[in-house]
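> Quick one: sequence plus predicted model below, questions after.
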Amino acid sequence: MTQAPWPGRGSDILPVDAPEARLVGRVWLPGVGPVVVAVRGESVIDIGTTFATMRTLTEHPAPASALDAAVGPTIATIDDLVGNTPPDTRDPRRPWLLSPIDLQVVKASGVTFPASLLERVIEERAHGDSRAAAAIRAEIDAVVGTAVADIVPGSQEARELKELFVERGWWSQYLEVGIGPDAEVFTKAPVLATVGGLVDVGVLATSAWNNPEPEIVTVISSRGAIVGAALGNDVNLRDVEGRSALLLGKAKDNNASAAVGPFIRLFDETFTLDDVRVAEVSLVVAGADDYRLTARSDMSKISRDPLDLAAQTIGPHHAYPDGLVLYLGTMFAPTADRRTAGSGFTHDTDDLVAISTPRLGALVNRVRPAHLVAPWDFGIADLYRSLAARGATI
């Protein structure tokens, strides 16, 4: 068995319109630490003198314009950076790519698409047993069909559908947040715990039913303004969450279980929230056993607008002084069997997961057990020591 190859060039991960996109990220600079960078043409520019942290840039009243004015030295070509980031072949003397966020809180929205909503109900009723899911799925589909697809959360139609589920004994906490007035928003990972592209993501070795969750991640300032977007993988353990929603933290927050990247695309005249609303997010899972899965999430089918999700997360009721990033949710809920009939999809070690959309590029990660991925050992105190050592002003 041979692992699928990592992307080898910048064009493999950059947006199709990269020359006009305002792309920012973070890079590990040997001997220095993490620095904020801009992608300009083939060059990756260190703009850390102007913006010591990504938080500093995304808190600017006009981030795109501020980025245009930032200058600094070239630290690598985008091809060199892409080539040196995968962990197995990395030269630690040269720069490599990091997650593009730093001090922002990492939040995620759940069950924001009808397809994933019904799958959450199914996994809950199956108590995390993938073998029981097929029969439950057929039972629900025979009665409900596509009735959930056009339901506006909190509407009269949603209340009527709730009554139907109650009558059938199918009511679920997932339906409450899927079609009720209040969205599910949870903390996905600690500050500085996200990983970027071209590195490993982690799943618990004890999990037997898990999957990637391809999503768009919005970048939100402390003022509640959505200032940009990136791609995300909200790695999920279906068997753990299916046993109890109170295990959401165990299912969602493990070593390298939150991927964001490859870069943040700041909103400007070429790319706005309207582009996010109509984006099609593609997923490819390539296994070392030649297994291949393809899927797509159509953002136009989301049941809650990104502005509504942002408003439910940040506002007078909840402040985030360093801003936040918010995973918007996914319609991807794989049901096709990977191994035996009725077992559904689950990851194998060394799966290569590629999440892409033309205007944001591609986020590519390899799947490994969470206890075997590169350890998270650079925290907030380390970041501030690094900033102090280079005389950075936040």
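Thanks, I have it.

> show me the residues around D275 that make contact.
Residues in contact with D275, defined by Cβ atoms under 8 Å, 6 or more residues apart in numbering, are R359. For the C-beta atoms, the positions are set from N, CA and C on the backbone; glycine is no exception.

> where's it, which helix or strand?
According to DSSP states H and E, D275 maps onto helix 273-277.

> who touches the next helix or strand after that helix?
Scanning forward in sequence from helix 273-277 by DSSP H and E, the next helix or strand is strand 280-286. Here strand 280-286 makes contact (Cβ under 8 Å, 6+ apart) with 4, 212, 214-216, 231, 291-299, 330, 332, 347, 351-357.

> nearest residue to F51 other than its sequence neighbours?
In space, and not counting its chain neighbours, F51 is closest to L57: 4.3 Å by Cβ to Cβ, 6 or more residues apart in numbering.

> Make a ChimeraX selection of the buried ones in the contacts of strand 280-286.
Filtering the contacts of strand 280-286 down to the buried ones (16 or more other Cβ atoms under 10 Å) takes a single ChimeraX command:
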select :4,212,214,215,216,231,293,295,297,299,330,332,347,351,352,353,354,355,356,357
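
> how close does the residue lying closest to R366 once chain neighbours are set aside sit to E269?
Nearest non-adjacent residue to R366, counting by Cβ to Cβ, 6+ apart: D200, 5.0 Å away. According to Cβ to Cβ, to the nearest Å, D200 stands 37 Å off from E269.

> can you pull out the strands in the stretch 251-394 of the chain?
Secondary structure of the stretch 251-394 of the chain (DSSP state E, counting those that start in this stretch): strands at 258-266, 280-286, 292-298, 324-327, 352-357, 361-369.

> want to throw the ones you listed into a markdown table with mean pLDDT and distance to V111?
Below are these laid out as a markdown table (pLDDT from 0 to 100; distance: least, Cβ to Cβ, whole Å):
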| stretch | mean pLDDT | distance to V111 |
| --- | --- | --- |
| strand 258-266 | 98 | 18 |
| strand 280-286 | 96 | 17 |
| strand 292-298 | 91 | 13 |
| strand 324-327 | 98 | 12 |
| strand 352-357 | 98 | 19 |
| strand 361-369 | 98 | 22 |
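
> of those strands, which approaches V185 most closely?
Smallest distance to V185 across the strands of the stretch 251-394 of the chain (Cβ to Cβ): 7.5 Å, for strand 324-327.

> And the contacts of that closest one?
Strand 324-327 has contacts (Cβ under 8 Å, 6+ apart) with 101, 104-109, 185, 188, 213, 215-220, 230, 232, 234, 260, 306, 309-310, 313-314.

> how far does that strand sit from the chain's center?
9 Å (Cα atoms, centre = their mean, to the nearest Å).

> looking at it, P95 is touching I75, isn't it?
Yes. P95 lies in contact with I75 (Cβ atoms under 8 Å); the separation is 5.4 Å.

> which neighbours do those two share?
V27, L29, V44.

> pretty sure the second one is touching V44, no?
Pointing back at L29 there. No. Applying Cβ under 8 Å, one finds L29 not in contact with V44, separated by 10.3 Å.

> the more surrounded of these two?
The neighbour comparison of L29 against V44 (other Cβ atoms under 10 Å) goes to V44, with 26 against 20.

> Direction included, what does the helix or strand hosting V227 pair up with?
For V227, the host element (DSSP H and E) is strand 226-234. Using DSSP bridges, strand 226-234 pairs in its sheet with strand 214-220 (antiparallel), strand 258-266 (antiparallel).

> Between D200 and E269, which is the more surrounded one?
Using other Cβ under 10 Å as the criterion, D200 and E269 rank with D200 on top: 22 against 8.

> Direction included, what does the helix or strand that one falls within pair up with?
Element membership for D200 (DSSP H and E) is strand 199-203. Strand partners for strand 199-203, identified by DSSP bridges, are recorded as strand 361-369 (parallel).

> Dump the C-alpha coordinates for the strand it pairs with into CSV.
Listed next in CSV are the C-alpha coordinates belonging to strand 361-369 (Å, rounded to 0.1, in the frame of the first residue of the first chain):
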residue,chain,number,x,y,z
GLY,A,361,-7.8,26.8,-2.6
ALA,A,362,-7.2,23.4,-1.1
LEU,A,363,-6.6,22.2,2.5
VAL,A,364,-4.8,18.8,2.4
ASN,A,365,-4.1,16.7,5.5
ARG,A,366,-3.1,13.1,6.3
VAL,A,367,-5.0,11.1,8.9
ARG,A,368,-3.1,9.6,11.8
PRO,A,369,-3.9,8.5,15.3
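
> Which residue is the nearest non-sequential neighbour of the residue positioned nearest the centre of the chain?
The centroid of the chain falls nearest to G232 when counting by Cα atoms, centre = their mean (2.0 Å). Closest residue to G232 apart from its sequence neighbours, by Cβ to Cβ, 6+ apart: V217 at 3.9 Å.

> and if you look at G33?
Nearest one to G33, counting by Cβ to Cβ, 6+ apart, is S386 at 3.5 Å.

> what's the domain layout of the protein?
10-111+183-389, 114-179 (automatic domain parsing).

> can you map out the helices along this structure?
Along the chain, counting by DSSP state H, helices occupy 54-58, 63-69, 78-84, 114-125, 130-144, 156-168, 173-179, 238-243, 248-252, 273-277, 306-313, 380-389.

> Quick one, which of those gets closest to G8.
Nearest of the helices of the chain (Cβ to Cβ): helix 78-84, 6.0 Å.
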